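*Asks:* Sequence and predicted structure, then a few things I'm wondering about:
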Amino acid sequence: MDRREFLHLLGIASVAGMQLPLSVARAEQAAEELYDAAAFGNVSLLHLTDSHAQLRPIYFREPSVNLGVGSMAGRPPHIVGEAFLKQFGIAPNTRLSHAFTYLDFERAAPIYGKVGGFAHIATLIKRLRATRPGALLLDGGDSWQGSGSALWSKGQDMVDAQKLLGVDLMTLHWESTLGADRVKEVADKDFAGRIEIIAQNIKTADFGDPVFKPYVMRTVNGVKVAIIGQAMPYTPIAHPRYFVPDWTFGIQEDNMQKTVDAARAEGAQAVVLLSHNGMDVDLKMASRVRGIDAILGGHTHDGVPTPSVVDNAGGKTIVMNGGSAGKFIGVLDLDVKGGRVADYRYRLLPVFANLLPADAEMEALIARTRTPYESKLGEKLAVSEGLLYRRGNFNGSFDQIILDALMAEKDAEISFSPGFRWGTTVLPGEPITMENLLDQTAITYPYVTVTQMSGSQIKDILEDVCDNLFNADPYHQQGGDMVRVGGMSYSCDPTAKIGSRIGDMSLNGNRIEAGKTYKVAGWAPVSEAARDAGGEPIWELVARHLRTKKTIAAPELNLPRLKNVDGNPGITG
Amino acid sequence: MNPGHQATRRGFLRLTGLLGLATSALALAPRLALAAWNKSAFETKGLADVYKTLGVVSPVASGDVQINASDIAENGAVVPVEAISKIPNTTQISFLIEKNPTTLTAQFDLGPDMLPEISTRVKMAETSNVIALVKADGKFYTASKEIKVTLGGCGG
Amino acid sequence: MGLPMKIRATNKDGVTEIKVLMNHVMETGLRKDASGQLVPALFITEVTAKLNDKVVMQAQWGQAVARNPYLAFKVKGGKSGDKVSISWKDSSGDTRTDEATVS
């Protein structure tokens, strides 16, 4: 820990009139309590997922809206705020309540400091490995995308960091948006003999041959453990298909069962799924596929402290989800006896940068990889008066800035911005840097689009995206949040069916008419035609807007009027 | 998603009703020999009328027919579908896409050495039921699965 | 004439699995080109599969079989070295036949 920096932070906190939560000595004690949990059993799996290329510590506000519908209503992970604390037995106004919920974020963030950062994660991994010999480090994917440096280096900064961190296995999602050739290049060159990419559900588009190993068998302390990979099933739908023209994905539940059976037949005493399905899909899969002991999941960015236990025809499967942005490391300790998993312990450890000194070697690597980009990333575009964040089912405040910039710069009546779940948080009074902006926008298809759309087309789009989020069948959910909407107001009934969720669409007090056309600005189009049209990257448009504004007032969120969500613990009362 | 294909249910019924009148006479014609393409069946829209054209009488939904496909199509232009029949003496397997501009998509006549399993890839204009129609001992059996065709984007 | 197909035929436990990728535009006749003109229909209408010169399966297709059609099916019998042949005919009368050896 950098004591001076920490004391400085505490100083700020006390000036602001807040109760000091910790002395330095107590901080070290807090670190011991958090990170020195006794090892258990004979097989340990360390889980990092959805880091979204955040090499440096960041702030990340957890959602205040994470609605579950149908059988998922009110069940983890669809619980927020105070209901979340109650569900998981976490005391309010503590380090843990800050890590796992959005509650009191603006007050608590300066006190507890930034989270994640690969130099701090490296220290934690070393600490955990010291007490858990043979532990495997699993990366659930979404590691090579989400920052300017990852975009510009084509994921190389992250690939190098994964190797230094000692990742053993990984699966894929956004990695594929660097193009199939780039993924294969990393797999065949950088990762050769070090890190194995696994995915039972990526096949060639011609004859359906596997592209990666569906699973690998590792012997840990004499126990044969199979780890199966599951890439994001809807990769070519959620993103442009042209990045992976020769690959197909899908949930592939039948092949999952065959893969589990093959691993068991090969002698696996424990079978673990490293999944990028998203938690609802994992829960459904766990209820239908037999023989998986544990699912270490990601994609939906749910930081869930306690595993969900799911019954199926083969026994029980525990399902976890490991949050995002490098904020958490999951630690799954299995006690394998008599050829089967007899017991387990699981902890989802928040990575507080102030409690874990930076690993020097990783720090040096990160500094080196950032050097060419440092001046560009460091540009201060404007100062934010409010808290800027994205995560949540509907518009976050950083989304609102993007939406407002799109409408202003393109003279559009309506704007759309994708409901990505990644994107770091900026505290009030902080400058918005180019790095912050790229943390929200760094993708390989960033083109701005301006389209004349009819009212009925706008409704179709909102209905379509809303169904990806709120379909009662988890296998129909794709894992993003609702498309962010600027300019236009609407209502949303998450419990309705496709075609009936969106209503009351209006613009400046006038009903949106089905047959009338509206000027709509957006970005991140999936079609080849939109790529070829060559719109400017969204970050250039937003940067231009912010530079002109200099100071950005706390944006007013354009939120839909929600129906039938009363009493749902996935939204604050 | 092509809004042009979003016929309302009422419109759909009216359309098939009209087509029904136009094609009912053809249903009486004997089934053409294999080598000649069954133009009238392939150019008909709507399940009921395709069934009439093919001489399919009261097909039975059967648990012994399976249709396997993704819940959501990765690409509406290339949708993998597989039909498997467990009904003895299966001699024909067809694929029908209820909401496509033409409903009958492919019809496979199986020789005695064939296993009753066919995989192919089809085009879908919009979210629709896809039906596997199996003929065995002169009787018809079906299985149906809805496959969603989505706009894409916004995937987390 | 058309372009060559890719055929893969493998025998396992007395069953020959045949996978075929044809090379064909499969135009529905409903698609418009960039200038707004309808592209005329052109699609495979008939397919015949043979194992060692014996017809095992015949198919009739409509417009909605996907571009570059894929077909997979299984035939009882067959062995390594046997000959598989696949033929198609399209709506313009064009035909093509390709062969492969069972492995």
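*Replies:* Perfect, thanks for sending it.

*Asks:* Show me where the chain dips below the pLDDT cut-off.
*Replies:* Using chain A. Along chain A, segments meeting pLDDT under 70 span A:1-24, A:573.

*Asks:* not quite, I wanted chain B
*Replies:* Scanning chain B for pLDDT under 70 picks out the ranges B:1-35, B:154-156.

*Asks:* Now do the helices in chain B.
*Replies:* Assigned by DSSP state H, the helices in chain B fall at B:9-27, B:39-42, B:47-54.

*Asks:* Check whether the second one comes into contact with chain C.
*Replies:* Yes: Helix B:39-42 lies within reach of chain C by Cβ under 8 Å from any Cβ of the partner chain, at residue B:42. (Each C-beta comes from the backbone N, C-alpha and C, glycine too.)

*Asks:* outside of that helix, which residues touch it?
*Replies:* Residues from elsewhere that reach helix B:39-42 (Cβ atoms under 8 Å, 6 or more residues apart in numbering or on different chains): B:23, B:26, B:50, B:53-54, B:102, B:104, B:107, C:45, C:60-63.

*Asks:* and chain B, which residues reach chain C?
*Replies:* Selection of chain B residues close to chain C by Cβ under 8 Å from any Cβ yields B:34-35, B:37-38, B:42, B:77-80, B:82, B:97, B:100-102, B:104-111, B:113-115, B:117-124.

*Asks:* just the buried members of those?
*Replies:* Buried residues within the residues of chain B next to chain C, counting neighbours by 16 or more other Cβ atoms under 10 Å in any protein chain shown: B:37-38, B:42, B:77-80, B:97, B:100-102, B:104-110, B:113-115, B:117-124.

*Asks:* Could you find the residue in chain A that comes nearest to chain B?
*Replies:* residue A:238 (1.9 Å; Cβ to the nearest Cβ).

*Asks:* count of neighbours near that residue?
*Replies:* Neighbourhood size, residue A:238 [other Cβ atoms under 10 Å in any protein chain shown]: 25.

*Asks:* from memory it sits against residue B:151, does it?
*Replies:* No: using Cβ atoms under 8 Å, residue A:238 is not in contact with residue B:151; the gap is 10.7 Å.

*Asks:* Which parts of chain B are strands?
*Replies:* Per DSSP state E, chain B carries strands over the ranges B:60-61, B:65-68, B:79-85, B:90-97, B:104-110, B:114-122, B:128-136, B:139-147.

*Asks:* wait, what's in contact with the residue minimising distance to the centre of chain C?
*Replies:* Nearest residue to the geometric centre of chain C (Cα atoms, centre = their mean): residue C:22, 5.1 Å. Contacts for residue C:22 (Cβ under 8 Å, 6+ apart) come out as C:2, C:5, C:44, C:68, C:69, C:70, C:71, C:86, C:88, C:96.

*Asks:* Please repeat the previous calculation with a cut-off of 7 Å.
*Replies:* Residue C:22 is in contact with C:5, C:44, C:68, C:69, C:88, counting by Cβ atoms under 7 Å, 6 or more residues apart in numbering or on different chains.

*Asks:* likewise residue A:119?
*Replies:* Residue A:119 sits next to A:358, A:359, A:362, A:363, A:366 when contact means Cβ under 7 Å, 6+ apart.

*Asks:* quick one: the residue of chain C most remote from its centre and residue A:127, what's the gap?
*Replies:* Centroid-distance maximum for chain C: residue C:35 at 31.1 Å, with Cα atoms, centre = their mean. Using Cβ to Cβ, to the nearest Å, we find residue C:35 at a distance of 66 Å from residue A:127.

*Asks:* ok, now residue A:526?
*Replies:* Distance of residue A:526 to residue A:127, computed by Cβ to Cβ: 42 Å.

*Asks:* burial count for the closest residue to chain C within the stretch 451-573 of chain A?
*Replies:* Using Cβ to the nearest Cβ, the closest approach of the stretch 451-573 of chain A to chain C is made by residue A:529 at 10.1 Å. By the criterion of other Cβ under 10 Å, residue A:529 has 7 neighbours.

*Asks:* Also residue B:88?
*Replies:* Residues within reach of residue B:88, counting by other Cβ under 10 Å, total 9.

*Asks:* Identify the residue spatially nearest to it, adjacent ones excluded.
*Replies:* Leaving aside its sequence neighbours, residue B:88 sits nearest to residue B:136 (Cβ to Cβ, 6 or more residues apart in numbering or on different chains; 6.6 Å).

*Asks:* Let me see the contact set for the one you found.
*Replies:* Neighbouring residues of residue B:136 by Cβ under 7 Å, 6+ apart: B:85, B:87, B:88, B:89, B:90, B:91.

*Asks:* Go ahead and build a ChimeraX selection from the buried members of these.
*Replies:* For the buried members of those, the matching ChimeraX selection, counting by 16+ other Cβ under 10 Å, is:
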select /B:85,90,91
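
*Asks:* which of the contacts of residue B:136 lies closest to chain A?
*Replies:* When the contacts of residue B:136 are compared for distance to chain A (Cβ to the nearest Cβ), residue B:85 wins out at 17.3 Å.

*Asks:* quick one: that closest one and residue A:277, what's the gap?
*Replies:* Look at residue B:85 and residue A:277: by Cβ to Cβ, they are 31 Å apart.

*Asks:* Could you do residue A:403 as well?
*Replies:* Distance of residue A:403 to residue A:277, given as Cβ to Cβ: 29 Å.

*Asks:* got the buried residues for the longest helix belonging to chain A?
*Replies:* The residue-count maximum for a helix in chain A (DSSP H) belongs to helix A:455-470. The neighbour-count check on helix A:455-470 (16+ other Cβ under 10 Å) flags A:455, A:457-470 as buried.

*Asks:* ok, which residues in chain A are in contact with chain C?
*Replies:* Within reach of chain C by Cβ under 7 Å from any Cβ of the partner chain, chain A has these residues: A:206, A:207.
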